[in-house]
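Colleague: give me coordinates for this.
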Amino acid sequence: MMILLRHLLGDVLRQLRLRQGRTLREVSAEARVSLGYLSEVERGQKEASSELLASICKALGVPLSHVLRDVADNLALAELQHEPVMAGAQAPEHERLAEQELLDAVSGVNDVTDSVADMVAA
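Modeller: As a prediction, this is how the structure comes out:
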C-alpha cells in the first residue's frame, strides 16, 4: 500500500478545522477557495498547490510549518506501520528502541503543536 501525501495533508487540515469548530464553508470563504475544492483537498482527492496551502493555513490561523510538521510526523508513523516484517523475526533491540523514541517524539511534538494551535485560536 502506497502512502499518499495528499491524504495525510488532507487529514491534518481537516483535524485542524474541526478542532476549531469551523465549517468547510467558513474556511473556504476565508481562504478564497471553492468549498468543493477544499473538501477534495481534505479528502485527499486533490493536490493542493503551495499557494493554495498557504491560503488555507492562513485562514485556519496556523503556520504552514506546523501543518507540514504534522504531515511529516504522520508520514513517519505510517512508514513504521507499513514496514514489512518477516514472519517470526523480531527487530533488533536498537531498532525497537529507535522506533519507540520516534513514537515518543512524535507524541511530544503533537502535544506541543496542539498547545500552540490552542493558543493561536484563543
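Colleague: buried set for stretch 11-28?
Modeller: Neighbour-count burial for stretch 11-28, with 16 or more other C-beta atoms under 10 Å as criterion, is recorded at 11, 12, 13, 14, 16, 17, 20, 22, 27, 28. Where C-beta positions appear, they are placed from N, C-alpha and C, glycine not excepted.
Colleague: just the pLDDT for the second one.
Modeller: Per-residue confidence (pLDDT) for residue 12: 97.
Colleague: and for the residue nearest to it when sequence neighbours are not counted, the neighbour number?
Modeller: Closest residue in space to residue 12, ignoring its immediate chain neighbours: residue 70 at 4.6 Å, by C-beta to C-beta, 6 or more residues apart in numbering. Applying other C-beta atoms under 10 Å, we find 24 residues neighbouring residue 70.
Colleague: what residues does residue 30 make contact with?
Modeller: Residues counted as contacts of residue 30 (C-beta atoms under 8 Å, 6 or more residues apart in numbering) are 58, 59.
Colleague: what helix or strand is it on?
Modeller: Counting by DSSP states H and E, the element that carries residue 30 is helix 24-31.
Colleague: mind saving the C-alpha coords of the helix or strand following that helix as PDB?
Modeller: Of the helices and strands lying after helix 24-31 in sequence (DSSP H and E), the nearest is helix 35-42. Only the C-alpha atoms of helix 35-42 are listed here, as PDB (Å, rounded to 0.1, in the frame of the first residue of the first chain):
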ATOM      1  CA  LEU A  35     -15.900  24.800  -0.900                       C
ATOM      2  CA  GLY A  36     -15.900  21.800  -3.300                       C
ATOM      3  CA  TYR A  37     -12.100  22.100  -3.900                       C
ATOM      4  CA  LEU A  38     -11.300  22.500  -0.200                       C
ATOM      5  CA  SER A  39     -13.400  19.400   0.500                       C
ATOM      6  CA  GLU A  40     -11.500  17.400  -2.100                       C
ATOM      7  CA  VAL A  41      -8.200  18.600  -0.600                       C
ATOM      8  CA  GLU A  42      -9.300  17.500   2.800                       C
END
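Colleague: distance check, residue 81 against residue 67.
Modeller: 21 Å (C-beta to C-beta, to the nearest Å).
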